[in-house]
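Colleague: Sharing a sequence plus its predicted fold:
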Amino acid sequence: MATAPCSPPRKFPTSAFVTLDATKKIEEEDLPSYIPEDYYPVYIGEVFGYRYQVVRKLGFGVNSTVWLEHRFLTLKLRVRTKEHNHVNLHSDQETTIYEYLKSHPIEHPGRNRVRSVLDSFEVAGPNGIHKCMLYQPLGMSFTEFLRLLPQNRFAKELTQKSVQLILIALDYLHHCDVVHTDISPNNVLQGIEDDSILSEIEQGELERPIARKVLSDRTIYNSRPMPFSAGQPVLCDLGDARAGTQKHRGDIMPGIYRAPEVILGMDWDSKVDIWAIGVMTWDLLEGSHLFFAKKNRVPDDEQHLAEMVSLLGPPPPEFLRRRNWKGTVPIPEQSFETREQWLDGEDHALFVQFLRRMLCWMPEERPVAEELAFDEFLMQPYATTFLEASTETIT
């Protein structure tokens, strides 16, 4: 994989920072599954692979901690490798998928809209081996971006442009016979057009060291999330992706984004990604989830399916023949038309029509990503611009 040229490491402050209460949990410690020994004890200023220096903490999760590297790369350190640990299978799968994509080069406009691994290697920690992965730097996720917006939602035009670009990225993956399986606002990140914001981040750590919790065996830093950037969206995290032309089996997709064929344990293919795009489009534009999928505040498949019936109508007999299922939960009284609250007239009709193309029971009836990228709802801004230009020319 790619390597980066060596440069002298920078020295970061070892004092003049706020020391947090060691008895209170912060960051990854708050995760229900947190085991300290699973996480590599990174310190700011540390150099990995003889060339990648950590300059700031960007975030954390059940699988890893994420850091900004001196030459403006994103460095992800996975939890330690343990036999039969599905979390570590996630990182191995991600590397495998990226290598698979490299071995299947195709010219496609969506190729640069999918994040790639630039380098990867193993790091020996005090309690085991950790996978280290380097990526291009990106801004905040759509989930983080939504929190900054009025009503926590995208405007119509931003939704249209963003979803169209994500569909182009997805079409690239599908042309390579890769199913993403984990599409959600968490895994779509803003591109960065100006590296100066990264320079400012690093300089900020030198001048105003982040608060941290100092323990006997590690230091846990507060994260400094990436700032807003205006770059185009990039589809990320292929750790749960599948490759190949065959049908797949198994439980995939984040809860409220799961397609009906996944919930019912059927075989599935790339059309699960199309379903997820439909659900995510709703969430971006409406500022609330399309599906709640909970009963007594606990995730419930029957409730999830009942909500689907309320929006899509009952599943066709052909779909039911693939799996013996009889719903036992009352069907809510709702529809796309009554739930949608931000659009009027033609905008409302085109949006609902777009959703219905993706959110349907039969996977084979969902269009491919390329076709959806040219849906009338997504092309509306271009049609409006063309009409306005034509009118000005005539007058």
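Modeller: Yes, it's here. Residues are numbered from 1 along each chain as shown.
Colleague: Could you list the low-confidence segments of the stretch 151-300 of the chain?
Modeller: For the stretch 151-300 of the chain, not a single residue meets the criterion pLDDT under 70.
Colleague: residue ranges of the helices in it, please?
Modeller: Using DSSP state H, counting those that start in this stretch, the helices of the stretch 151-300 of the chain run over residues 156-175, 196-207, 260-263, 271-286.
Colleague: so of those, which one's packed in deepest?
Modeller: Greatest average neighbour count among the helices of the stretch 151-300 of the chain goes to helix 271-286 (a mean of 24), per mean count of other C-beta atoms under 10 Å. Heads up, the C-betas are built off the backbone N, CA and C, glycines and all.
Colleague: mind checking how far it is from the chain centre?
Modeller: The chain centre lies 12 Å from the centre of helix 271-286; the measure is C-alpha atoms, centre = their mean, to the nearest Å.
Colleague: show me what contacts residue 266?
Modeller: Listed by C-beta atoms under 8 Å, 6 or more residues apart in numbering, the contact set of residue 266 reads 322, 323.
Colleague: circling back: would you list the helices of the stretch 151-300 of the chain in CSV and tack on distance to residue 343?
Modeller: Converted to CSV, those look like this (distance: least, C-beta to C-beta, whole Å):
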stretch, distance to residue 343
helix 156-175, 7
helix 196-207, 34
helix 260-263, 26
helix 271-286, 8
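Colleague: Quick one: closest of the ones you listed to residue 353.
Modeller: Judged by C-beta to C-beta, the one of the helices of the stretch 151-300 of the chain that comes nearest to residue 353 is helix 271-286, at 11.7 Å.
Colleague: Can you spell out which helices and strands pack onto the closest one?
Modeller: Contacts defined by 3 or more C-beta pairs under 8 Å, 6 or more residues apart in numbering; DSSP states H and E place helix 271-286 against helix 156-175, helix 260-263, helix 345-358, helix 369-373.
Colleague: try 6 Å
Modeller: helix 156-175, helix 345-358 (3 or more C-beta pairs under 6 Å, 6 or more residues apart in numbering; DSSP states H and E).
Colleague: and the angle from the shortest one to helix 271-286?
Modeller: In terms of direction (axes from the mean of the first three to the mean of the last three C-alpha atoms, to 10 degrees), helix 345-358 departs from helix 271-286 by 160 degrees.
Colleague: Measure how far helix 345-358 is from the centre of its chain, please.
Modeller: The answer for helix 345-358 is 24 Å, by C-alpha atoms, centre = their mean.
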